[in-house]
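I would like the atomic coordinates for the input below:
(one chain, ligands or ions: 3)
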Amino acid sequence: MTRLYDSRKRILVTGGAGFLGSHLIDRLLEQGHEVICVDNLFTGTKRNIEHLHNRPHFEFMRHDVTFPLYVEVDEIYNLACPASPIHYQHDPVQTTKTSVHGAINMLGLAKRLKAKIFQASTSEVYGDPAVHPQTEEYWGNVNPIGARSCYDEGKRCAETLFFDYWRQHNLDIKVVRIFNTYGPRMHHADGRVVSNFIVQALRGDPITIFGDGQQTRSFCYVDDLVDSFVKMMDTDSSITGPINVGNPGEFTIRELAEKTIAMTGSKSELVQLPLPEDDPKQRQPDITKARENLNWEPNIDLDEGLARTIAYFKTRLPELIEA
Ligand code: NAD
Ligand code: UDP
Ligand code: UDP
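Ligands and ions are numbered 1, 2, ... in the order given. So this is what the prediction gives:
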């Protein structure tokens, strides 16, 4: 779509070379906007954005959001942060800094520019939830000193900062809490369950089930999630969030393993490994608020989304077999 200058926005996406960020950028460019992608390429890759190389309205800046950033934009989507346990536990101090200092810098930027600012928060703010399904009113059950805390508490503090900038400086903030999302361009080796199972199935390696596989997750396909981001950003200033976004369809990890084997036609066997520390037993978003405020709900089910994701990983299989 081409847009006249008057309605074309300049939009900053931090973490734009990552899984979710790169899909969001595709959508914003499709809508005719200009996009600046800021990423330090810690977990993101140039491969995720290489198809945008020659697009005149796309610009990539290699930058770490824990340092100040001076650019001129109309809207900011703050997605920078490693999202999988393997990556966020690799350098936990840097993870907290990314969430906290990154939020301060992006909020400072938004304050100077009077720009709308969106925060990719997470269902992990609910920790190992004692309430099921999780509504936005639930305050969570988070271990402040465990191995996952750098991520969970970093994201909680980022939410605190967003709401303090809103109260104190009247910023137009948009906070969403994202539940497990999957799709093409997920990192193949970051340990997240959907990519792990698909890559294991395609290689014929054993499928690794942690614990008894009875823990549950609710998986949202990336295109649905990106719809919710754009709808959230388009709301008027009365809508701040936090709003849960995700797909309420809940599956056990064992069901996911069995589905993946069936859909890939794999001969992989299932093996059981120990459950990681603080691994939540169940997770399902209550998306009533998203339905009411954003007029949004996901419409790609797990079978359809898995088929698309398997197709993506098949194209990368030669490289993944070597890896
Ligand atoms: P991802 O790891 O693919 O993307 C994160 C991006 O941030 C990467 O490109 C990485 O290089 C970049 N980054 C990390 N630290 C940075 C820093 N200090 N400065 C600049 N860039 C930095 O992960 P994703 O799945 O695309 O997640 C994107 C956002 O959504 C994250 O904030 C994550 O916490 C949140 N989220 C994702 C999920 C999910 O299921 N994918 C669920 C909940 C929340
Ligand atoms: N900041 C930034 N870009 C800007 C404006 C601010 O990166 O365009 C950073 C700045 O480094 C500061 C942070 O955002 O540390 C918070 O800014 P704010 O104005 O809220 O706080 P102050 O500068 O008063 O500490
Ligand atoms: N999991 C698993 N096998 C794997 C990877 C993950 O059984 O190879 C489990 C993990 O223990 C958790 C669920 O799948 O219960 C989702 O894990 P993921 O890391 O994808 O997301 P999160 O725990 O952050 O929701």
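
got a list of what the residue of the stretch 51-200 of the chain found nearest ligand 2 touches?
At 2.0 Å from ligand 2, Gly108 is the closest residue in the stretch 51-200 of the chain, using CB to the nearest ligand atom. (C-beta placed from N, C-alpha, C; glycine too.) Gly108 is in contact with Pro68, counting by CB atoms under 8 Å, 6 or more residues apart in numbering.

in which helix or strand does it reside?
Using DSSP states H and E, Gly108 maps to helix 92-113.

given the helix or strand just after that helix, what are its sheet partners and their directions?
Counting by DSSP H and E, the element after helix 92-113 in chain order, helix or strand, is strand 116-122. According to DSSP bridges, strand 116-122 has the following sheet partners: strand 75-78 (parallel), strand 173-178 (parallel).

for those strands, give me CSV that also has distance to ligand 1 and mean neighbour count.
Shown next, in CSV, are the strands paired with strand 116-122 (distance: least, CB to the nearest ligand atom, whole Å; neighbours: other CB atoms under 10 Å):
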stretch, distance to ligand 1, mean neighbour count
strand 75-78, 8, 26
strand 173-178, 4, 24
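
roughly how far is stretch 64-72 from the heart of the chain?
21 Å (CA atoms, centre = their mean, to the nearest Å).

that one close to ligand 1?
Yes - using CB under 6 Å from any ligand atom, stretch 64-72 comes into contact with ligand 1 via 64-66.

what does the stretch 101-250 of the chain have sitting close to ligand 2?
Checking the stretch 101-250 of the chain against ligand 2 by CB under 6 Å from any ligand atom, the hits are 104-105, 108-109, 111-112.

which parts of the stretch 151-300 of the chain are strands?
Listed in chain order, the strands of the stretch 151-300 of the chain (DSSP state E, counting those that start in this stretch) span residues 173-178, 181-182, 207-210, 216-218, 220-221, 243-245, 250-252, 270-273.

so which of those strands is nearest ligand 3?
Comparing these by CB to the nearest ligand atom, strand 207-210 comes nearest, at 3.5 Å.

give the buried residues for that closest one.
Within strand 207-210, the residues that qualify as buried by neighbour count (16 or more other CB atoms under 10 Å) are 207-210.

shaky segments in the stretch 201-323 of the chain?
322-323 (pLDDT under 70).

ranges for the helices of it?
For the stretch 201-323 of the chain, the helices defined by DSSP state H, counting those that start in this stretch occupy 222-233, 253-264, 288-294, 302-315, 317-322.

for the most centrally placed residue in the chain, give me its contacts.
Nearest to the mean C-alpha position of the chain, counting by CA atoms, centre = their mean, stands Leu20 at 5.3 Å. Shown in contact with Leu20 (CB under 8 Å, 6+ apart): 79, 120, 178, 181, 222, 225-226.

of the residues you listed, buried ones?
79, 120, 178, 181, 222, 225-226.

distance to Leu12 for those - can I get that in CSV?
Output for the buried ones among the contacts of Leu20, formatted as CSV (distance: CB to CB, whole Å):
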residue, distance to Leu12
Leu79, 10
Ala120, 13
Ile178, 19
Thr181, 21
Val222, 20
Leu225, 19
Val226, 16
